[in-house]
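sequence-free structure coming up:
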């Protein structure tokens, strides 16, 4: 079992930055691929970024490529999402998720989810 707790969301002006953190419980964090997803009001949950076990590979949605960076610190059981050059269309609830083994961009492949953190970007 893995429990995930996100933090770092908030209100920011367009062009600003935020860093989301997701702290995981348990001693097997390094065995879980991690991802970030987001859901805006009235829309389906969508993939943002994911990272493999060793941080050697990362994947990004086209809409955030070049602006967002996913990273992880296995010693701290934490995954991060650095968000720069934020746009109003980035406004959503952001969720971190974990799955045992390999990475995936499909939210249905993830077994563990945090409660979400709200990110609001004003124009």
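Alright, I've got the coordinates. The shown structure was predicted, so the numbers you read here are calculated from the model rather than taken from an experiment. Numbers count the residues shown, from 1 in each chain.

so the spatially most central residue of the chain bridges to which residues?
With distances taken as CA atoms, centre = their mean, residue 36 lies nearest the centre of the chain, 2.4 Å away. For residue 36, the beta-bridge partners under DSSP bridges are residue 49, residue 96.

residues contacting it?
20, 22, 48, 49, 50, 70, 79, 81, 94, 95, 96, 97 (CB atoms under 8 Å, 6 or more residues apart in numbering). Where you see a C-beta, it was placed from the backbone N, CA and C, and this is true even at glycine.

What distance do you get for it to residue 49?
As judged by CB to CB, to the nearest Å, residue 36 and residue 49 stand 5 Å apart.

residues shared between the contacts of the two?
70, 81.

so residue 5 sits in a strand?
Yes - the assignment for residue 5 (DSSP: H, G, I helix; E, B strand; the rest coil) places it in a strand.

State whether it and residue 20 are indeed in contact, as I suppose.
No - Residue 5 is not in contact with residue 20 according to CB atoms under 8 Å; the separation is 11.2 Å.

which one of these two has more residues nearby?
A side-by-side neighbour count of residue 5 and residue 20, using other CB atoms under 10 Å, places residue 20 first with 24 against 14.

Quick check: the more buried one touching residue 117?
Yes - assessed by CB under 8 Å, residue 20 is found in contact with residue 117 at 6.2 Å.

can you list residues touching both of those two?
Counting by CB under 8 Å, 6+ apart, the residues touching both residue 20 and residue 117 are 6, 7, 8, 9, 94.

all strands of this protein, in order?
4-7, 10-13, 18-24, 32-39, 46-51, 58-60, 68-73, 78-83, 92-100, 112-113, 117-122 (DSSP state E).
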